[in-house]
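Based on what follows, work out the 3D shape:
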Amino acid sequence: MTAATAKKKNFFHDWLKSRKGQQTIIILAFMFIPLLLLFVFTYLPFGEMVKFSFYKMKYSTPVDKRIFVGWENYKAVFSRDDCFGAIKLSLYYMVGSILQLAIALYLATMLSFKTKGGNLFKGLMFFPYLISGIAIGFIFKFFYTRGFVFDTVLQWCGFQLDNLPYWLKDQSINNWSLVGSSVWRYFGQNMVLFIGAIMSVDAEMYEAAELDGANKFQQFMHIILPSIKTIVTLNVILSITGSLSAFDPPFVITSGKNGTGTYFVVMNEIAHTSQKVGLASAMAVVLLVIIFAATILQKLFFKYIFRNSDSDDETYDAKKRRKKLEKQQRKELAKQNGPAVRKGAV
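Coordinates of the predicted model:
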């Protein structure tokens, strides 16, 4: 038994030193370490948060003194105006995200073709996305302050200061002001994604459409939009789900005052100011469920909208196969006609 055990140890030791053994170890390490980090820093904290949502507790409450309340925290999320009512503000950001995507898609269509100064415009429009959300919040806080930048520009255009609203205090307009800052920051990112998708469309499709008499709008509807349906769906899903979790603009610019406190701002206040960890955890779980539901509904919606685009893709592939076949036929004809031409020349 001792000799057999030693033989197995030597075999294992030799296998570890071999190339195949080292490759196997590296592969397992690259698989195990990321999964371990993902579990420790993502799934384990998420599981703890779900557990906290069933307790009445604070951060400093000992484990043995936490009070189990069952579904009471979830009931409070839907009954308190400051919790579930804050989701209504997401509608402002959803409308802003639709406007943001429309602007991004329009500019991407313009800049995807030869345009003077196109690269400069792309860089200038994408630059706001690179700025920190906190910095953008401070920029727009001074931008909207009474008598500052925005009011000054409007006075140059002929408006009187007394007739202008308080952009951050008037509850009929302050949320739209915050949405404007969000649109300004993110439309450049959407535009760059749209440009990359549009530039991947075969240029011969545009030439064929022009020969058929299609105008620019028809080319956009029947060539560009079906070809970039995947990116359009992705951008819409990211924008809508992002609007549900808006945090930076209301937190930095208004601190959630005057009716601008979004769901994330209220959740942050409940968790860190009121120290109601269980209620805040329940709010986070509810928001996660809402985002999942919104994502699934959007996928089903776009699957219905682009239901006819698959036939367009098949037609496009058929055209490519036909052109490839025609090219091969021309080469074969050239080979067949080549000797006859040389014979006639002699």
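
can you map out the strands along the stretch 1-150 of the chain?
55-56, 67-68 (DSSP state E, counting those that start in this stretch).

wait, which of the ones you listed is closest to residue 91?
Ranking the strands of the stretch 1-150 of the chain by proximity to residue 91 (C-beta to C-beta) places strand 55-56 first, at 31.3 Å. For the C-beta atoms, the positions are set from N, CA and C on the backbone; glycine is no exception.

Tell me which residues are up against the closest one.
66, 67, 68, 69, 72, 73, 276, 277, 278 (C-beta atoms under 8 Å, 6 or more residues apart in numbering).

quick one: the fourth one from residue 51, how far?
Taking C-beta to C-beta, to the nearest Å as the measure, residue 69 and residue 51 are separated by 12 Å.

ok, those two, which is more surrounded?
Higher neighbour count among residue 69 and residue 51: residue 69, with 18 against 12, using other C-beta atoms under 10 Å.

Pull up the gap between the closest residue to the more buried one other than its chain neighbours and residue 111, please.
Leaving aside its sequence neighbours, residue 69 sits nearest to residue 56 (C-beta to C-beta, 6 or more residues apart in numbering; 4.9 Å). For residue 56, the distance to residue 111 (C-beta to C-beta) stands at 54 Å.

Return the set of buried residues in the helix or strand where residue 294 lies.
Assigned by DSSP states H and E, residue 294 falls within helix 277-305. By 16 or more other C-beta atoms under 10 Å, the buried positions in helix 277-305 come out as 277-287, 290-291, 294, 298, 302.

Flag whichever of those scores worst on pLDDT.
Least confident entry in these, by pLDDT: residue 302, with 75.

OK, contacts around that one?
Residues near residue 302 by C-beta under 8 Å, 6+ apart: 229, 232, 233, 236.

Contact partners for the second one?
Contacts for residue 232 were tallied using C-beta under 8 Å, 6+ apart; they are 101, 105, 194, 225, 302.

Dead centre of this structure: give me the residue that sits there.
residue 238 (3.2 Å; C-alpha atoms, centre = their mean).

tell me which element that one is part of?
Using DSSP H and E, residue 238 sits in helix 229-244.

Mean confidence (pLDDT) on that helix, please.
85.

go on, stretch 267-275?
87.

neighbouring contacts of that stretch?
So stretch 267-275 is contacted by 58-60, 83, 247, 251, 256, 261, 276-277, 279-280, 283-284, 287 (C-beta under 8 Å, 6+ apart).

List just the nearest of the residues you listed to residue 141.
residue 251 (11.1 Å).

Burial check on residue 39, number of neighbours?
12.

on that earlier part again, okay, residue 56 and residue 111: which has more neighbours?
Neighbour totals were compared for residue 56 and residue 111, and residue 111 leads with 21 against 16 (other C-beta under 10 Å).

Double-check the more buried one against residue 124; I have them as touching.
No - between residue 111 and residue 124 there is no contact under C-beta atoms under 8 Å: 11.2 Å.

before we move on, back to that, neighbour-wise, give me the winner out of the contacts of residue 302.
residue 232 leads the contacts of residue 302 on contacts (other C-beta under 10 Å) with 22 neighbours.

where's that one relative to residue 108, distance?
11 Å.

what does residue 120 give?
15 Å.

ditto for residue 93
For residue 93, the distance to residue 108 - C-beta to C-beta - is 21 Å.

likewise residue 149?
Going from residue 149 to residue 108 by C-beta to C-beta gives 28 Å.

More neighbours: which of these two?
More crowded of residue 149 and residue 108, by other C-beta under 10 Å: residue 108, with 25 against 13.

Nearest spatial neighbour of the more buried one, chain-adjacent residues omitted?
residue 194 (3.4 Å).

can you check residue 15 too?
Closest to residue 15 by C-beta to C-beta, 6+ apart is residue 21, at 4.4 Å.

ok so, going back, just tell me which of the strands of the stretch 1-150 of the chain ends up closest to residue 138.
Nearest to residue 138, of those and by C-beta to C-beta, is strand 55-56 at 36.9 Å.

I'd like the average pLDDT over the closest one.
On average, strand 55-56 scores 90.

Same check on stretch 88-107?
90.
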